[in-house]
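*Asks:* This is a predicted model, with the sequence first.
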Amino acid sequence: MSPDESAVHLGDVSASEFRRAMHRVADLTADYLEQVHAYRVVPRVSPGDVTKLLPGSPPEEPESLDRILDDYKRIIEPNTTHWNHPGFMAYFGITGSGPGILGEALAAGLNVNAMLWRTGPAATELEELTCDWLRQLVGLPPAFRGHINDTASMSSLLALATARQRVGAADIRQRGLAGRPDVPPLTVYASEHTHSSIDKAMIALGLGLEQLRRVQADDGFRLDPAALAEAIAADRAAGRRPIAVVATVGTTSTTSVDPVRPIAEICRREKLWLHVDAAYAGSAAVCPELRELMVGWEAADSIVVNPHKWLFVPVDCSVLFLRDIETLRAAFSVVPEYLRTSEHEATNLMDYGVQLGRRFRALKLWMVLRAFGQRGLQERIRYHCGLARRFAALVQGEPGWEVCAPVPFSTVCFRAVPELPLEEQNRFNERLLAEVNARGPVFVSHTKLRERYVLRVAIGNLRTSMSHVAQAWELLRAVRARLAAEW
């Protein structure tokens, strides 16, 4: 074999083979989206079952793409929890929409690493553009600049890192925090219902969980501004240094909205960074009437919105908006010689976070925003909120059930209330959840609110209709009736 023949042999799969496989992938994906309702939402598998279906060592010889895709269809697809199922109502219902899937596939084909403008001109500029489109859609002022990350966990970590950078005088970037008697404990404040990603950010940033103040919530599960002011004052009196507050627009358990305007006033008075976690509910701001629930968020220093939660973009795509993005750059920019370029006025996305390698996530966001448009996004979000209100009405209209939190968006917290002591009620609802999910057509999740075990239905999938919501309710009622007879 000549060197030229060897080079061909050692290259990628042929274009014709790839084209055939991609056509089959398109059919597999389209068939899956069309027929996903036929699957159980959660497969009947135990840990290790998928591994048993696969060889324990990699193949020595090449395998055909057809054989690999056969195994995908036989092993992977049926043994997946189907987040794209219309009956997926756990956690936060999401959708990998058709336009987003197309964008993901095209981005994989381009295989861009947009670390520098030079290494990804279109990726860099499209990210800046689509983030600004999103800013306009949710009604934020032009002072905000967006930056795409993988998830809200990373976006919130970067926001708190920027808050830490703004402390400034301690020179934390250069000297760190360890062994620094000259640096007082740096405290961050958040509701008791704030997402656990804030805890992880405190760990990763070296601030420590002891410096995260969990501020009590009111009867609507919203952060209490008066309690926040008291906590800040107490820490200052004790010699600690408050640096940031995290307010939530759409808490994970109940989707409650913290009173952002009075919180922002406290932050302004105390010179604290205000980060707003709107990972779920921020998408709802495309609807002006729902944006009214978020009054005051425009005064924040940073806001996170996840288009992969409720704007139908495939996981993962999280947008961090910042007023002062240059402080984020000051916190993380490190430019070794081999990454220096002559485009000094261009944006280099690597400067705005910990990641050097950056996927072309903006492409799928751009395609989704164009394919649905502002009106299409508004109609779908309003429909989901309407389904949630109808589900809540079913719960409220049935004796022996209660809605446990306000329903501002598309998530309902509820539980069965048999005439039992609280501990027994909790066990009853836990059993109810397990048996409903074991049936297969729907998947719901739970939380705890004031020591009560509470079920959650979260509607956000493009394929979910009233028929699926009614099916979930009838299943819940039937299982509850059987459990009540046995208890």
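*Replies:* Everything's here; your move.

*Asks:* tell me the SS of His147?
*Replies:* Reduced to three states with DSSP: H, G, I helix; E, B strand; the rest coil, the structure at His147 is strand.

*Asks:* Please report the distance of it from His275.
*Replies:* With distances defined as Cβ to Cβ, to the nearest Å, the gap from His147 to His275 amounts to 14 Å. Heads up, the C-betas are built off the backbone N, CA and C, glycines and all.

*Asks:* Between those two, which has more neighbouring residues?
*Replies:* Comparing His147 with His275 by neighbour count (other Cβ atoms under 10 Å), the higher total belongs to His275, at 29 against 22.

*Asks:* Can you tell me the element that one falls in?
*Replies:* When secondary structure is defined using DSSP states H and E, the element that contains His275 is strand 273-277.

*Asks:* Tell me the buried residues in the next helix or strand after that strand?
*Replies:* Beyond strand 273-277 on the C-terminal side, the first helix or strand identified by DSSP H and E is helix 288-291. Burial within helix 288-291, assessed by neighbour count using 16 or more other Cβ atoms under 10 Å, is assigned to Leu290, Arg291.

*Asks:* OK, contacts around Leu53?
*Replies:* Neighbouring residues of Leu53 by Cβ atoms under 8 Å, 6 or more residues apart in numbering: Ile75, Asn79.

*Asks:* how much space between it and Ala278?
*Replies:* From Leu53 to Ala278 the distance is 41 Å (Cβ to Cβ).

*Asks:* Would you map out the domains in this protein?
*Replies:* Dividing the chain into domains by automatic domain parsing, as the record does, gives the ranges 3-38+43-79, 113-359, 374-486.

*Asks:* Put together CSV for these, with mean pLDDT on each row.
*Replies:* Written out in CSV, the entries for those read as follows (pLDDT from 0 to 100):
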stretch, mean pLDDT
domain 3-38+43-79, 93
domain 113-359, 95
domain 374-486, 97
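
*Asks:* Could you single out the most deeply buried of those?
*Replies:* With neighbours defined by mean count of other Cβ atoms under 10 Å, none of the domains of the chain is more surrounded on average than domain 113-359, at a mean of 19.

*Asks:* Show me how far it is from its chain's centre.
*Replies:* When C-alpha coordinates are averaged (Cα atoms, centre = their mean, to the nearest Å), domain 113-359 and its chain have centres 14 Å apart.

*Asks:* As a check, name the ranges of all strands in this structure.
*Replies:* Counting by DSSP state E, the chain has these strands, from start to end: 145-149, 186-191, 212-215, 241-248, 273-277, 302-305, 318-322, 401-403, 411-416, 445-449, 452-458.

*Asks:* Which among the ones you listed is found nearest to Gly376?
*Replies:* Nearest to Gly376 among the strands of the chain is strand 302-305 (17.7 Å), distances taken as Cβ to Cβ.

*Asks:* Identify the residue spatially nearest to Ala122, adjacent ones excluded.
*Replies:* Closest residue in space to Ala122, ignoring its immediate chain neighbours: Val112 at 7.8 Å, by Cβ to Cβ, 6 or more residues apart in numbering.

*Asks:* And the one you found, how close does it get to Leu365?
*Replies:* 14 Å.

*Asks:* These two - which one has more neighbours?
*Replies:* Per other Cβ under 10 Å, whichever of Val112 and Leu365 has more neighbours is Leu365, with 28 against 18.

*Asks:* Look up how far Asp316 lies from that one.
*Replies:* Looking at Leu365 against Asp316, where the rule is Cβ to Cβ, the gap reads 11 Å.

*Asks:* ditto for Lys448
*Replies:* On the measure of Cβ to Cβ, Lys448 and Asp316 end up 27 Å apart.

*Asks:* again, but for Pro86
*Replies:* Here the distance between Pro86 and Asp316 works out to 22 Å (Cβ to Cβ).

*Asks:* Let me have the strands of the chain in TSV, extended by distance to Arg166.
*Replies:* Formatted as TSV, the strands of the chain follow (distance: least, Cβ to Cβ, whole Å):
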stretch	distance to Arg166
strand 145-149	16
strand 186-191	11
strand 212-215	18
strand 241-248	8
strand 273-277	6
strand 302-305	11
strand 318-322	11
strand 401-403	41
strand 411-416	34
strand 445-449	33
strand 452-458	35
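
*Asks:* Glu60 is nearest to which of the ones you listed?
*Replies:* In this view, these are compared for proximity to Glu60 by Cβ to Cβ, and strand 145-149 is the closest at 39.1 Å.

*Asks:* ok, residues contacting stretch 263-276?
*Replies:* Contact with stretch 263-276 is made by 156, 159-160, 162-163, 166, 189, 223, 225, 228-229, 232, 242-249, 260, 296-297, 299-304, as judged by Cβ under 8 Å, 6+ apart.

*Asks:* If we use 7 Å, what do you get?
*Replies:* Under the criterion Cβ atoms under 7 Å, 6 or more residues apart in numbering, residues 156, 159-160, 163, 166, 223, 225, 228-229, 232, 242-247, 249, 260, 296-297, 299-303 lie in contact with stretch 263-276.

*Asks:* can you check stretch 286-301 too?
*Replies:* Taking Cβ under 7 Å, 6+ apart as the criterion, the residues outside stretch 286-301 that touch it are 137-141, 249, 257, 260-261, 264, 273-276, 278, 284-285, 303, 322-324, 374, 377-378, 381-382, 408.
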